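J.: The following comprises the amino acid sequence and a computationally predicted model.
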Amino acid sequence: MSDPPDAYKILQVDSEADPEVIQAAYRRLAQKFHPDLAGGPDTVEGREAARRMVALNAAWEVLGDERRRAEYDHERAVAAGTTVARAVAPHAPPRAAPASSPTGGASDGSRLTFGRYTGWRLEEVLGADPGYLEWLDRTPAGRPYRAEIDILLRRIGRRARGTEGTAGLPRR
């Protein structure tokens, strides 16, 4: 009997991919293999596309839901004989914030409401992944946080004093 298909391989993503990456991969592949766009059911290409689309939809049904994905990762880890905690960790809720921070109470600093660090304060993200803050500083989603990001990046020497925004250019 053959092993069940790997949902991550079907969607052509890494098992530690962010939900946004998985969704983008699904959409890209669904567009490519949608039976209506692949020649219809009367052609070999259309039948193959329909078969692929069924697999894509099944993989998306599992990986597109956080709870189902965690269960799927747990089952994969058990089947592979690996440590379950490691396999589930990328999709677990963010760790609890410390009771207090060096700058005062736990409420100091902005908390992210999106992405891989949802629920984390910017200062916590700085400790775990300063590159993410640099990326966030360059994106439209990071605009509300830019002043705080600037201060944090200066603190660790990842931004020169006297520069504003990315590449020393004034922000819009």
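T.: Nice, thanks for sending it over.
J.: Any regions of this structure where pLDDT drops low?
T.: For the chain, the stretches with pLDDT under 70 are 1-3, 38-41, 82-107, 161-172.
J.: what about the residue of it most remote from its centre, is that helix, strand or coil?
T.: Going by Cα atoms, centre = their mean, the residue of the chain most distant from its centre is Asp42, 38.4 Å out. Of the three states, Asp42 takes coil according to DSSP: H, G, I helix; E, B strand; the rest coil.
J.: residues touching it, list them.
T.: Neighbour list for Asp42: empty [criterion: Cβ atoms under 8 Å, 6 or more residues apart in numbering]. C-beta here means a position set from N, CA and C on the backbone, and glycine is covered the same way.
J.: how near is it to Met53?
T.: For Asp42, the distance to Met53 equals 16 Å [Cβ to Cβ, to the nearest Å].
J.: what's the answer for Asp150, then?
T.: For Asp150 relative to Met53 (Cβ to Cβ), the value is 46 Å.
J.: Give me the neighbour count for Glu16.
T.: 13 (other Cβ atoms under 10 Å).
J.: what separates it from Ala160, distance-wise?
T.: Counting by Cβ to Cβ, the separation of Glu16 from Ala160 is 33 Å.
J.: now swap in Leu152 and tell me
T.: Counting by Cβ to Cβ, the gap from Leu152 to Ala160 is 14 Å.
J.: and the two? which has more neighbours close in?
T.: Leu152 (21 against 9).
J.: show me what contacts that one?
T.: Leu152 neighbours (Cβ under 8 Å, 6+ apart): 122-123, 126, 133.
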